[in-house]
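**Q** only the shape, not the letters, is given here:
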């Protein structure tokens, strides 16, 4: 099974951003040195929840510091980007890295980010559907043209894409309403764990049904799964610190996404989140934090492996990219957490049978 390193660039400590960035980037580079298969990062803007505003630029840097690891976005938030520029940046990163990029896309959720980037959140779903299709087509054909609202004049992507993105393009579908679009576009599922497994399982049932409808002669890529992880040889210490840092992490998420607010009720395309907000308000923040903690992988090495075994059983995932640094955790603890996982858990996880990430096929493109 593929085992990657995930990072959200969550900066809840009290030292300067310059110190945080230097240390976080070194952790990303260390992942290759420790034998991990990939490095993944997010896109977020404007607050401490995540100071990673340009995941493609970040991955270009990591591409230059590494030789082997795959480079994944979890995710590029498509509605915040011009589709032509996005396609160019993806292709450029793929050239920089020698074809190591794994594309992960999403729709975005936080009101403060949409407003700060001057994008109407009511347009989020429409932009995601239209822009993502334009980008995916451009990555295969070498040019972009059309779009119901952008009306992109036909232009060639230079440098041209040289390897197909089919089989290495994924989407985070946190809302069940997004699942049919993900399947129609031929994207794999990227599970960024945040809701009960019963709901995730229903999403996968819908995804596979929609996939068969649109791609009857092809199998979908097996999913990747991401979550937060804390492991220690002492079960008591693992529980104490996991609860501390997972709680801080999720409370920051509740604030960043305004998950207890009511604005989703009047935001087009985000009605599912209105239901989530009502549920969270009903159970209260403390219970929501506890439910979140129980979703994640933490404990002794064996307890962590047991949690991953459950994820594997439920999703048939080809790989996972846990996040080891979150919630204001000191870097000494994050590094210890990572190295404990690499020593005690990663060899077992890598031995599990799983469908490998497809090696991208070479494209033979001529002038568009």
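**A** That came in fine, so what should we check first? This structure is a prediction, so every number in the text was calculated from the model and none was measured.
**Q** strands of the protein, residue ranges please.
**A** 2-7, 38-41, 70-73, 76-77, 101-106, 143-146, 152-156, 169-171, 188-192, 224-226, 229-231, 297-299, 319-320 (DSSP state E).
**Q** got CSV for those, with mean neighbour count too?
**A** All C-beta spots, glycine's among them, are computed from the backbone N, C-alpha and C. Below are the strands of the chain laid out as CSV (neighbours: other CB atoms under 10 Å):
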stretch, mean neighbour count
strand 2-7, 24
strand 38-41, 27
strand 70-73, 26
strand 76-77, 24
strand 101-106, 26
strand 143-146, 18
strand 152-156, 13
strand 169-171, 24
strand 188-192, 25
strand 224-226, 25
strand 229-231, 28
strand 297-299, 23
strand 319-320, 25
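**Q** just the pLDDT at the closest residue to residue 46 other than its chain neighbours, thanks.
**A** What sits nearest to residue 46 in space, not counting adjacent residues and going by CB to CB, 6 or more residues apart in numbering, is residue 116, at 5.1 Å. Note for residue 116: predicted pLDDT of 98.
**Q** hmm, residue 160 is touching residue 141, no?
**A** No. Contact between residue 160 and residue 141 fails when scored by CB atoms under 8 Å: they sit 9.7 Å apart.
**Q** which neighbours do those two have in common?
**A** residue 365 (CB atoms under 8 Å, 6 or more residues apart in numbering).
**Q** which residues touch the spatially most central residue of the chain?
**A** Centroid-nearest residue in the chain, with CA atoms, centre = their mean: residue 74, separated by 2.2 Å. By CB under 8 Å, 6+ apart, the residues touching residue 74 are 6, 40, 41, 42, 104, 172, 190, 192, 224, 226, 321.
**Q** list the buried residues in the element among helices and strands of the chain having the smallest mean pLDDT.
**A** In the chain, the helix or strand scored least confidently by mean pLDDT, DSSP states H and E is helix 271-283, which has a mean of 91. The neighbour-count check on helix 271-283 (16 or more other CB atoms under 10 Å) flags 273, 274, 276, 277, 280 as buried.
**Q** which one of those residues is nearest residue 246?
**A** Of all the buried residues of helix 271-283, residue 280 has the smallest distance to residue 246: 16.2 Å, by CB to CB.
**Q** I'd like to know how far that closest one sits from residue 273.
**A** Residue 280 is 10 Å from residue 273, where distance means CB to CB, to the nearest Å.
**Q** so what sits against both of those two?
**A** residue 259.
**Q** show me what the least confident helix or strand of the chain is packed against.
**A** Counting contacts by 3 or more CB pairs under 8 Å, 6 or more residues apart in numbering; DSSP states H and E, helix 271-283 packs against no other helix or strand.
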